[in-house]
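Visitor: Generate coordinates for the sequence data below:
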Amino acid sequence: GFRELVHRRATGVSPAEADEVARGVLACGESTGVDPLLLVSLIEVESSFRAGVVSPHGAIGLMQIAPITGVHVARRNEIHWRGPDALFDPATNVEVGSRYFVELIERFRDIETVLEAYNIGPERVVERRSRGDAVTTGPFARRVMATYRAIRTAWGEREMLSYFDRLWQFEATRIQPVEL
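Guide: Numbering: from 1, shown residues only. All right, here's what the predicted structure looks like:
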């Protein structure tokens with residue numbers, strides 16, 4: 001099942017840590033409507049499933065959330081904020097990151113643009129658009145989408161469809177599973 005898939009992908013972390021990631025991703029996928037396989041892909045690319053990682057730019061944890069982004073997302077989504085160190089907690093990081101991802105989905109609608117905004121910041125995407133520059137799919141978005149395709153293949157299309165049919169009815173504002 002899903003837990004085993006996360007264990008196979010999350011090499012280099014303990015089984016308990018992989019279980020925590022799987023639980024958090026499933027809970028957030030269910031509450032936000034975002035495909036958990038896409039969240040796992042994002043986590044794998046961002047942090048290789050390491051909850052304690054900090055980027056050179058100060059982004060923290062599994063989904064590499066900047067503390068300033070974390071506080072704003074927490075406030076907008078009524079998530080109890082315990083300060084930037086809370087982003088080292090896998091459950092908090094995945095909840096904040098998932099909610100932020102949904103905000104970007106609602107704002108930009110297109111998966112490649114959403115991923116670029118997640119990576120470089122929504123303001124930079126808007127700035128590029130206002131100058132008339134095309135927002136191209138960069139290496140980050142390509143890596144996330146390649147990982148997503150690999151995970152969907154590993155998960156198995158039949159199992160995935162029955163699983164998602166059971167859990168969610170995707171809304172028009174939510175990401176649909178991407179065609180392979």
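
Visitor: Where does pLDDT dip in this protein?
Guide: Along the chain, segments meeting pLDDT under 70 span 157-180.

Visitor: Can you tell me the centre-most residue of it?
Guide: Nearest to the mean C-alpha position of the chain, counting by C-alpha atoms, centre = their mean, stands L39 at 3.7 Å.

Visitor: other SSEs contacting whichever strand or helix holds E44?
Guide: Assessed by DSSP states H and E, E44 sits inside helix 36-47. In this structure, helix 36-47 packs against helix 2-9, helix 15-32, helix 90-108, helix 139-155, with contacts taken as 3 or more C-beta pairs under 8 Å, 6 or more residues apart in numbering; DSSP states H and E. Backbone N, C-alpha and C define where each C-beta goes, glycine included.

Visitor: on that earlier part again, gap between the residue nearest to the centre of the chain and E4?
Guide: According to C-beta to C-beta, to the nearest Å, L39 and E4 sit 17 Å apart.

Visitor: Check S98 too.
Guide: Taken as C-beta to C-beta, the span from S98 to E4 is 21 Å.

Visitor: The two - which one has more neighbours?
Guide: Taking other C-beta atoms under 10 Å, S98 and E4 do not tie; S98 has more neighbours (26 against 11).

Visitor: want to throw the helices and strands packed on helix 36-47 into CSV with distance to L115?
Guide: CSV is the format used below for the helices and strands packed on helix 36-47 (distance: least, C-beta to C-beta, whole Å):
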stretch, distance to L115
helix 2-9, 18
helix 15-32, 16
helix 90-108, 8
helix 139-155, 4
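
Visitor: nearest residue to T136 other than its sequence neighbours?
Guide: Distances taken as C-beta to C-beta, 6 or more residues apart in numbering put E116 closest to T136, at 7.9 Å, once the chain neighbours are dropped.

Visitor: my guess is the one you found meets V144, correct?
Guide: No. Using C-beta atoms under 8 Å, E116 makes no contact with V144, being 10.1 Å away.

Visitor: could I have the helix or strand hosting V114 exported to CSV, CA atoms only?
Guide: With secondary structure defined by DSSP H and E, V114 is part of helix 111-120. What follows is helix 111-120 as a C-alpha-only set of coordinates in CSV (Å, rounded to 0.1, in the frame of the first residue of the first chain):
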residue,chain,number,x,y,z
ILE,A,111,0.7,22.4,-12.3
GLU,A,112,3.9,23.6,-13.9
THR,A,113,3.3,27.2,-12.9
VAL,A,114,2.3,26.0,-9.4
LEU,A,115,5.6,24.1,-9.1
GLU,A,116,7.6,27.1,-10.3
ALA,A,117,5.8,29.4,-7.9
TYR,A,118,6.5,26.8,-5.1
ASN,A,119,10.2,26.8,-6.0
ILE,A,120,10.9,30.5,-6.8
